[in-house]
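Q: Mind looking at a prediction? Sequence and model below.
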Amino acid sequence: MANRCDICDKKRQIGRQSRHKRGIAGKQWMKRAQKTLRIFKPNLQWTTIDDVRLKLCTKCLKLLKNSQSEVTKPIAA
């Protein structure tokens, strides 16, 4: 199974590592990114909804949880 969210199809992204090191002259930050790439993975969680097991990112899980709580919340008079 792929490393993707079942609802929004969020997947891994490839980016560059940032260097947090002072430069030699002038004590300025070095703004050049390193050449090595890294992988940013989504925060996926296994959840069961209506007897179906899904892999959701935390953003979709939060939206789903909030929408369910609004349905069960009593209406204030």
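A: Now that the structure is in, tell me what you want to look at. Numbering: from 1, shown residues only.
Q: Does residue 46 touch residue 53 like I think?
A: Yes - between residue 46 and residue 53 there is a contact under C-beta atoms under 8 Å: 6.3 Å. Using the backbone N, CA and C atoms, a C-beta is placed for each residue, glycine as well.
Q: Buried residues of the lowest-mean-pLDDT helix or strand in the chain, list them for me.
A: Taking mean pLDDT, DSSP states H and E as the measure, the chain has helix 58-72 as its least confident helix or strand, at a mean of 85. Neighbour-count burial for helix 58-72 flags 60, 61 (criterion: 16 or more other C-beta atoms under 10 Å).
Q: Can I get it in PDB, CA atoms only?
A: What follows is helix 58-72, C-alpha atoms only, in PDB (Å, rounded to 0.1, in the frame of the first residue of the first chain):
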ATOM      1  CA  THR A  58      -3.900  14.100  10.600                       C
ATOM      2  CA  LYS A  59      -5.500  17.100   8.800                       C
ATOM      3  CA  CYS A  60      -8.300  14.900   7.300                       C
ATOM      4  CA  LEU A  61      -8.700  13.100  10.600                       C
ATOM      5  CA  LYS A  62      -9.200  16.400  12.400                       C
ATOM      6  CA  LEU A  63     -11.800  17.600   9.900                       C
ATOM      7  CA  LEU A  64     -13.600  14.300  10.100                       C
ATOM      8  CA  LYS A  65     -13.600  14.300  13.900                       C
ATOM      9  CA  ASN A  66     -14.900  17.900  14.000                       C
ATOM     10  CA  SER A  67     -17.700  17.200  11.500                       C
ATOM     11  CA  GLN A  68     -18.800  14.200  13.600                       C
ATOM     12  CA  SER A  69     -18.800  16.300  16.800                       C
ATOM     13  CA  GLU A  70     -21.000  19.000  15.200                       C
ATOM     14  CA  VAL A  71     -23.600  16.400  14.200                       C
ATOM     15  CA  THR A  72     -23.800  15.000  17.800                       C
END
